[in-house]
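**Student:** sequence and predicted structure below; questions after.
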Amino acid sequence: MSGDEKVSVKLIKGGTLIDGTGADVIKGADVLVEGSTIKNIGKDIAAPAGTEVIDAAGKTVMPGLIDSHIHLWGSIAGGMQEWMIRPLELGLLKAATDARAMLNAGYTMVKCCGSSNGLHLRDSAAEGTLKGVPRIIASGHWISQTFGHGDPHLLPTEYVDMRTTRHRSVVTSALLADGVDECIKATRYALRQGADFIKIHVSGGFTSPRDKVTDVQFNLSEIKAIVDTAMQAGKYVTAHYQKSIPSLRNAILGGVKTIEHALLTDDKSVEMAMEKDVIFVSTMSVFRRSLSMNNENAKLIIESYNRLHEYGAVFAAGTDNMGIADTAGKNAGELELMVQYLDLTPMDAIVTATKNGAKACFMGDKTGTIEKGKLADIIMVNGDPSKDITVLQNADKVEMVMLEGNIEKRV
Ligand SMILES: [Zn+2]
């Protein structure tokens, strides 16, 4: 910005404020935004001349929402066949549309836990080409052991590993690595591609063709090597983990900072995690069917997530959204599931998608709450999500979206 260019000042006036910390709502609150940051919060703040006033009377003003686990694959129906034969370019364009739908629904930040599209969309937004998308935090490629969750092992190996394949597809996001040396190399490769953080798999998953959700993946020494290599570049490691306590303990001991899915936890592992400030990310949306059938997995998830909440662990909302069936923009369905199935109030659920989401994106000091000095990532909602969490699934109710002080949507 040149010296004589004026910093824009905006006043969001008279709204009902949910600040994202879990504190009670404040009625008739003003939020003053200067440039990209929140300058002041209070009542009857005097607006300097030239201030753009946004009338928030009767509306809720809250932090922009954060989805801490998505994949910007731009899927249509999903499934191996689509992922193998659909041109990558179509996926990229759909992913851009999905990202826009998320911003339109009030999501100002998303964490893409595996997809090279995440890197491209982030960089396209940074160069000013792609507009109207949330801030994207992206891992790019994930690192998996051979015969791990990130290795689609019904395919020949030459179709799979990102560094060697000539069959690039959505599912070839994997860097297969076995042993400490390969883990170091794969981590450096992911960093070289522009990863904001490193995504690994420490257990099997439900969509794995041959390995089981209970399988332990990567040895502790391999996890440590990945974490150390990432930390040398100032980056953190996020781990897919589903249903084997030894995997969870390895991840925590190895220095992993966020644990995704966590369908199974026990008291000891949660205590270990909290000692090391490990963050957990929910993904109830992908288990919607299990939850409605109240099957064994549903019972495990509910028990595990209630345990995390009871312990006061940092618990952030993720959806695992891949864009399938136009679900992008409906991400706040996760919050409804939390309120429906867990011991969380609507306000607790809001914290998982604001303050705790920012922590899961390693941006807790910069955004996630409406507090002085933080980035002005703010939305205005026609309705009160602290009473009815479902309003956040209706993009038409999200009447204003501000990202770093810029108004991206206003109706
Ligand atoms: Zn995922």
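**Tutor:** On my side now, so go ahead. Numbers count the residues shown, from 1 in each chain.
**Student:** count of residues packed around Gly368?
**Tutor:** Using other C-beta atoms under 10 Å, Gly368 is surrounded by 30 other residues. Bear in mind the C-beta positions are built from the backbone N, C-alpha and C, glycine included.
**Student:** ok, now which ones touch the residue in the stretch 251-400 of the chain that the ion sits nearest to?
**Tutor:** When scored by C-beta to the ion, the stretch 251-400 of the chain has Asp320 as its residue closest to the ion, at 4.4 Å. Counting by C-beta atoms under 8 Å, 6 or more residues apart in numbering, Asp320 makes contact with 69-71, 283, 285-286.
**Student:** got it, and Ala96?
**Tutor:** When contacts are counted by C-beta under 8 Å, 6+ apart, Ala96 touches 74, 121, 124, 130, 133.
**Student:** neighbours of the last one, just the number please.
**Tutor:** A count of neighbours around Val133, defined by other C-beta under 10 Å, yields 26.
**Student:** ok, and the closest non-adjacent residue to it?
**Tutor:** Closest residue in space to Val133, ignoring its immediate chain neighbours: Ala99 at 4.0 Å, by C-beta to C-beta, 6 or more residues apart in numbering.
**Student:** repeat that for the fourth one.
**Tutor:** Nearest residue to Leu130, sequence neighbours excluded (C-beta to C-beta, 6+ apart): Ser124, at 3.9 Å.
**Student:** could you look up the SS state of that neighbour?
**Tutor:** Three-state call for Ser124 (DSSP: H, G, I helix; E, B strand; the rest coil): helix.
**Student:** can you check Lys10 too?
**Tutor:** strand.
**Student:** any figure for the gap between it and the ion?
**Tutor:** According to C-beta to the ion, to the nearest Å, Lys10 stands 36 Å off from the ion.
**Student:** list the residues that contact that residue.
**Tutor:** 32-33, 51-54, 376, 402, 405, 407.
**Student:** can you do 6 Å?
**Tutor:** 33, 52 (C-beta atoms under 6 Å, 6 or more residues apart in numbering).
**Student:** and if you look at Phe315?
**Tutor:** Phe315 sits next to 280, 308, 352, 356 when contact means C-beta under 6 Å, 6+ apart.
**Student:** could you tell me which residues of the stretch 101-250 of the chain lie near the ion?
**Tutor:** Within the stretch 101-250 of the chain, the residues that sit near the ion (C-beta under 5 Å from the ion) are Cys113.
**Student:** look up the closest residue to Asp44, ignoring the ones flanking it.
**Tutor:** Asp30 (6.8 Å).
**Student:** please apply the same query to Val9.
**Tutor:** The spatially closest residue to Val9, leaving aside those adjacent along the chain, is Thr51, at 4.6 Å (C-beta to C-beta, 6+ apart).
**Student:** and Asp42, what are its phi and psi?
**Tutor:** Check again: residue 42 is Gly, not Asp. Dihedral pair for Gly42: phi 180, psi -160, per degrees, to the nearest 10.
**Student:** residues contacting it?
**Tutor:** Asp30.
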